[in-house]
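Undergrad: Show me how the following folds:
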Amino acid sequence: MGLPKIIAKLSPLMLIFTVTTSTVSLANELIVTGPNYGAPKYYLENGQAKGFVVDITRWVLEDLNQAYKIKLLPWNRAYNNALKAKMAVIGLSKNSSRIKIFDYSDAIYFGDLMIVVKKGQEFAYQAVADLQGMQVGASHGASYGDVFDNAVSQGVFQVRSFENATTGLKLLLNGRIDAVLLGPGTQGLKRHVNSDDQLDINQFSILKIPFKRDAKYLGIHKSKNMQPFIKRFNQSLKKAQKSGVVEKILDRYEAPL
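TA: So this is what the prediction gives:
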């Protein structure tokens, strides 16, 4: 039986239900926020959201036929919007308090969070205790997991927050802080340095052992009851990973696997 004949046999109520359920994901636009700096993961270029975490997320949402808008903001504003359940958020790390608030996707990306110091001021780093008494620069409002949060709360080191990574690097050069946490890997530092004419890669050193292996997720406030959507998001993300889509996106940004 052809499709027109099948539709003709449906009752009006059944027809409305069929059409509605088939387009529900398109009707409900998902607003996704994230940090507006942090190249090559996410950043703004001429007002447009760019970055490999952005592009992976975009590919998955389009694969799901999900209507969406990506709006990158200063991290504190982005995170507050997510806390108020106004937006989903990418670039979210996990810690014990956040997993009570957000439903998390699978990891969109794993990257090394590096410790950057001024050239000539390198030190041996094995564990967080080696940062004892230091001033450490980190993105405003950022959490890099329980190890980071516990170290801050216990006073192992003090955090000097910045809105832009280049600001943090300049604080480092001026002796205002002892180290900066940046990622992903060495490529992250190069991107930030190349974005500012006052900075030179030879002014900095990256300690051999990273602060942590940092995973970035999509998170949605639990009050939104979006677990079924996140399950579909994870399935599409796996498809992107297995089919080589993610690798191609990373290659485009020259990002580390």
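
Undergrad: from here on, contacts and neighbour counts on C-alpha atoms
TA: Fine.

Undergrad: all strands of the stretch 101-250 of the chain, in order?
TA: Using DSSP state E, counting those that start in this stretch, the strands of the stretch 101-250 of the chain run over 102-104, 109-118, 135-139, 158-162, 179-182, 204-206, 212-221.

Undergrad: and the fifth one, which strands flank it?
TA: Note on strand 179-182: by DSSP bridges, its sheet partners are strand 109-118 (antiparallel), strand 135-139 (parallel).

Undergrad: Please name whichever of those is nearest to residue 98.
TA: strand 135-139 (17.2 Å; Cα to Cα).

Undergrad: Which residue ranges of the stretch 51-200 of the chain form helices?
TA: 52-63, 75-83, 146-153, 165-173, 185-194 (DSSP state H, counting those that start in this stretch).

Undergrad: Residue 196 against residue 164, yeah?
TA: No. Counting by Cα atoms under 8 Å, residue 164 is not a contact partner of residue 196; they are 11.2 Å apart.

Undergrad: helices or strands up against the longest helix along the chain?
TA: Counting residues, the longest helix in the chain under DSSP state H turns out to be helix 227-242. When contacts are defined as 3 or more Cα pairs under 8 Å, 6 or more residues apart in numbering; DSSP states H and E, helix 227-242 packs onto helix 52-63, strand 102-104.

Undergrad: quick one: that helix to helix 52-63, angle?
TA: 110 degrees (axes from the mean of the first three to the mean of the last three Cα atoms, to 10 degrees).

Undergrad: residues making contact with helix 227-242?
TA: Applying Cα atoms under 8 Å, 6 or more residues apart in numbering, the external contacts of helix 227-242 come out as 60, 61, 63, 64, 103, 104, 105, 106, 108, 246, 247.

Undergrad: Give the bridge partners for the closest residue in space to residue 173 that isn't next to it in sequence, please.
TA: Of all residues not flanking residue 173 in the chain, residue 118 sits nearest, at 6.2 Å (Cα to Cα, 6 or more residues apart in numbering). Counting by DSSP bridges, residue 118 forms beta bridges with residue 204.

Undergrad: I'd say residue 118 and residue 170 touch.
TA: No. Using Cα under 8 Å as the test, residue 118 is too far from residue 170 to be in contact (9.9 Å).

Undergrad: Between those two, tell me which one has more neighbours.
TA: residue 118 (21 against 15; other Cα atoms under 10 Å).

Undergrad: Who are the contact partners of the more buried one?
TA: Residue 118 neighbours (Cα under 8 Å, 6+ apart): 172, 173, 178, 179, 203, 204, 205.

Undergrad: cool, residue 41 as well?
TA: The neighbourhood of residue 41, defined by Cα under 8 Å, 6+ apart, consists of 50, 51, 52, 53, 54, 184.

Undergrad: Now render those residues as TSV, adding neighbour count.
TA: Shown next, in TSV, are those (neighbours: other Cα atoms under 10 Å):
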residue	neighbour count
50	21
51	24
52	25
53	25
54	23
184	24
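
Undergrad: Now tell me which of these the prediction trusts least.
TA: Among the contacts of residue 41, residue 184 has the lowest pLDDT, at 76.

Undergrad: could you check the distance from it over to residue 237?
TA: Distance, residue 184 to residue 237, using Cα to Cα, to the nearest Å: 20 Å.

Undergrad: cool, residue 122 as well?
TA: In this structure, residue 122 and residue 237 are 39 Å apart, going by Cα to Cα.

Undergrad: same check, this time on residue 72
TA: 21 Å.

Undergrad: Could you do residue 180 as well?
TA: On the measure of Cα to Cα, residue 180 and residue 237 end up 31 Å apart.

Undergrad: Residue 44 pairs with what?
TA: Applying DSSP bridges, one finds that residue 44 bridges with residue 49.

Undergrad: I'd like the distance between it and residue 202.
TA: Residue 44 is 26 Å from residue 202, by Cα to Cα.
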